[in-house]
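Q: okay, here's the prediction I keep looking at, along with the sequence it came from:
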Amino acid sequence: MEDVLKLLKESQYGFLATVSNGKPKVRPFGFMFEEEGKLYFCTNSKKDVYKQLISLPYIEYTVTSKDMVTVRISGEVIFCEDIDKKEKVLNTYESIKSGYKSAGNPIFKVFYIEHGTATISDFLGQLPKKIEF
């Protein structure tokens, strides 16, 4: 998991894929933090991505480093109403805090990936490395 976290932290934003009306939908998205083997993200309940995650709670998320090492993460999304987790996001990212103001904001949603698989690959001919979490 250390290799996965290094890549996620190196690239502040990646791309999150969901499904909408049976078609893939990809958008830039930020990784928030890792805790107890869970990768946390956040969104807004008024956004289409939230509705897509509620409807079909499986995603893929990917980032690529400046050295062209890619991690692709897939798994099930679990929404979390834990105020401590929401506070951690708000206290880590000022831009998110300025938008949502408080962890109690009802549209502020935090989720993590459950039953995840991360695949690390590069363009140097190495075999991909899979990590279950």
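A: Perfect, thanks for sending it.
Q: strands paired with the longest strand seen in the chain, and their directions?
A: Longest strand in the chain, counting residues (DSSP state E): strand 108-121. Sheet pairing of strand 108-121 (DSSP bridges) gives strand 38-44 (antiparallel), strand 70-80 (antiparallel), strand 129-132 (antiparallel).
Q: do you know which of those lies nearest V26?
A: strand 70-80 (12.2 Å; CB to CB). Any C-beta I mention is one placed from the backbone N, CA and C, and that applies to glycine too.
Q: and that closest one, which residues are buried?
A: Using 16 or more other CB atoms under 10 Å as the test for burial, strand 70-80 gives T70, V71, R72, I73, S74, G75, V77, C80.
Q: closest one to L7 among the strands paired with strand 108-121?
A: Comparing those by CB to CB, strand 70-80 comes nearest, at 4.5 Å.
Q: which other residues reach the helix or strand following that closest one?
A: The helix or strand immediately downstream of strand 70-80 is helix 83-92, counting by DSSP states H and E. For helix 83-92, contacts defined as CB atoms under 8 Å, 6 or more residues apart in numbering pick out 32-33, 35, 40, 42, 96-97, 100, 102-104, 108, 110.
Q: any idea how far L127 is from R72?
A: According to CB to CB, to the nearest Å, L127 and R72 sit 15 Å apart.
Q: typed the wrong thing, it's K51
A: 24 Å.
Q: need the contact partners of stretch 124-133.
A: The contact list for stretch 124-133 (CB under 8 Å, 6+ apart) reads 1, 3-4, 37-39, 113, 116-121.
Q: taking those, please make a ChimeraX selection of just the buried ones.
A: To isolate the buried members of these in ChimeraX, using 16+ other CB under 10 Å:
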select :4,38,39,113,116,118,119,120,121
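Q: switch the contacts of stretch 124-133 over to a markdown table; also include pLDDT and distance to S20.
A: As requested, the contacts of stretch 124-133 are exported to a markdown table (pLDDT from 0 to 100; distance: CB to CB, whole Å):
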| residue | pLDDT | distance to S20 |
| --- | --- | --- |
| M1 | 93 | 30 |
| D3 | 95 | 31 |
| V4 | 97 | 27 |
| G37 | 94 | 29 |
| K38 | 97 | 25 |
| L39 | 97 | 22 |
| I113 | 97 | 19 |
| G116 | 96 | 21 |
| T117 | 98 | 22 |
| A118 | 98 | 24 |
| T119 | 98 | 24 |
| I120 | 97 | 28 |
| S121 | 97 | 27 |
